[in-house]
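Colleague: this one's sequence-less:
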């Protein structure tokens, strides 16, 4: 992911901000779940030839990448559908490859978010949602990413669009324009609407855009897009901090966690994913299966 990419990490404050009052209000209204949270950790794509010999056995063909990916992780941040909405039969085939506890989290089509920019996007949205049903019970949260140019002056467009979504379609919203991360009536109004509709937020932790680390949860789900620095030591300390924060959220009643790891060079993502799984297991009291990396002998 190039969003928030920097030339150097010098001077960047990687301390997680405190929870926003939006998050506090959400937890205050939350009823006890009565069961442990569901935690999902994975990457952004499975079609990586540079994972052959690391995550995929040598000689693996591209058509078999997904079958190996789902053996290692329990979720995927599915960016591919943003660019091209696949036929239902293709999606059904993907879903059939994964176990029942696996979750696909697709990004809304770019025709909705970037071409139409949420206006007159009803037919495209209906088609997107219809296709997503092909994942069946393996569909997690879909996320709607707006462009960096989509500012608070168009808050009404976002409100109308979100209000038109089916209430049973689970979605999270990712905002990028800097104005969404300051105190402003339009901002407060939108986050209040998200809470009313049960729509979650995307929290993006990337080195060059620390404002996107807004720490606002509007639904009992944490959807986190984490951008590392190619296994720089700060990658690991940042993961540690996230595990500690998520422990706090779980104690307050958080229902679901989706934690997606990106790297400037994606060949490094499986290794940091494994570290994240092992760390979350230890600190959050869960038992996710950690992937086996094939280049034995590497030490953290």
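Modeller: Alright, I've got the coordinates. Since this is a predicted model, take the numbers as computed values, not measurements.

Colleague: any low-confidence regions in the stretch 201-300 of the chain?
Modeller: Scanning the stretch 201-300 of the chain for pLDDT under 70 picks out 296-300.

Colleague: Which stretches in it count as helices?
Modeller: 233-252, 269-284 (DSSP state H, counting those that start in this stretch).

Colleague: hey, which of the ones you listed is tucked in deepest?
Modeller: Across the helices of the stretch 201-300 of the chain, the average number of neighbours (mean count of other C-beta atoms under 10 Å) peaks for helix 269-284, which reaches a mean of 20. Where you see a C-beta, it was placed from the backbone N, CA and C, and this is true even at glycine.

Colleague: That helix packs against which elements?
Modeller: The criterion is 3 or more C-beta pairs under 8 Å, 6 or more residues apart in numbering; DSSP states H and E, and the helices and strands that helix 269-284 contacts are strand 38-42, helix 233-252, strand 256-262.

Colleague: Next secondary structure after the first one?
Modeller: Yep, that's strand 38-42 we're talking about. Heading C-terminal from strand 38-42, the first helix or strand you meet, by DSSP states H and E, is helix 65-72.

Colleague: Contacts made by the helix or strand following that following helix with the rest, please.
Modeller: Counting by DSSP H and E, the next helix or strand C-terminal to helix 65-72 is strand 75-78. The contact list for strand 75-78, computed with C-beta atoms under 8 Å, 6 or more residues apart in numbering, reads 40-46, 69, 102-107, 140, 143, 225, 258, 260.

Colleague: Can you report how many residues lie near residue 122?
Modeller: Counted with other C-beta atoms under 10 Å, residues neighbouring residue 122 total 12.

Colleague: where along this structure do the strands fall?
Modeller: In the chain, the strands defined using DSSP state E lie at 38-42, 75-78, 103-106, 142-145, 171-174, 200-205, 221-227, 256-262.

Colleague: Take these and lay them out in CSV including distance to residue 96 and mean neighbour count.
Modeller: CSV is the format used below for the strands of the chain (distance: least, C-beta to C-beta, whole Å; neighbours: other C-beta atoms under 10 Å):
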stretch, distance to residue 96, mean neighbour count
strand 38-42, 18, 23
strand 75-78, 15, 25
strand 103-106, 12, 23
strand 142-145, 19, 23
strand 171-174, 24, 22
strand 200-205, 27, 24
strand 221-227, 25, 23
strand 256-262, 22, 24
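
Colleague: Using JSON lines, please lay out these together with distance to residue 61.
Modeller: Formatted as JSON lines, these follow (distance: least, C-beta to C-beta, whole Å):
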{"stretch": "strand 38-42", "distance to residue 61": "21"}
{"stretch": "strand 75-78", "distance to residue 61": "19"}
{"stretch": "strand 103-106", "distance to residue 61": "21"}
{"stretch": "strand 142-145", "distance to residue 61": "29"}
{"stretch": "strand 171-174", "distance to residue 61": "33"}
{"stretch": "strand 200-205", "distance to residue 61": "33"}
{"stretch": "strand 221-227", "distance to residue 61": "29"}
{"stretch": "strand 256-262", "distance to residue 61": "25"}
